[in-house]
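> would you be able to build a 3D model of this:
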Amino acid sequence: MAPAGYTSGALTLARSTGVSLYDADTVRQWIQKVDKIEKERASESEISDQNTAINREIAEARKRAVWHPHPDDPPKG
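Predicted coordinates:
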């Protein structure tokens, strides 16, 4: 990587050897993409943690729940 660009000799050598050259703007864009992905993953993780807690609360509530049939429910059996 070169902040000021590459000489024609460097470009020729890179092409002949299969080396990739990147400018500072490209690297900055990569960093921004990675930052965005990390923030999205952190947000998804928070949502997942919240959903897990909610699901746990629902499961506990279901364990404590008592079924009271409605008079209009069909009889069992």
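
> which residues are contacting stretch 21-33?
Here stretch 21-33 makes contact (CB atoms under 8 Å, 6 or more residues apart in numbering) with 1-3, 5-6, 10-11, 14. Just so you know, the C-beta spots here come from the backbone N, C-alpha and C atoms, and that holds for glycine as well.

> contacting residues for Leu13?
Contacts of Leu13 (CB under 8 Å, 6+ apart): Val19.

> that one: which element?
Leu13 is located in helix 8-17, with elements delineated by DSSP states H and E.

> distance from that helix to the middle of the chain?
With CA atoms, centre = their mean, to the nearest Å as the basis, helix 8-17 stands 37 Å off its chain's centre.

> please save the CA atoms from stretch 21-37 in CSV.
The C-alpha trace of stretch 21-37 is given here as CSV (Å, rounded to 0.1, in the frame of the first residue of the first chain):
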residue,chain,number,x,y,z
LEU,A,21,-1.5,-2.9,-5.0
TYR,A,22,-4.0,-0.9,-3.1
ASP,A,23,-4.3,2.8,-2.4
ALA,A,24,-5.1,4.4,0.9
ASP,A,25,-8.7,5.2,-0.1
THR,A,26,-9.3,1.5,-0.8
VAL,A,27,-8.0,0.5,2.5
ARG,A,28,-10.1,3.1,4.3
GLN,A,29,-13.2,1.7,2.5
TRP,A,30,-12.3,-1.8,3.7
ILE,A,31,-12.0,-0.5,7.3
GLN,A,32,-15.3,1.3,7.0
LYS,A,33,-17.0,-1.9,5.7
VAL,A,34,-15.5,-4.0,8.5
ASP,A,35,-16.6,-1.4,11.1
LYS,A,36,-20.1,-1.5,9.7
ILE,A,37,-20.2,-5.3,9.7
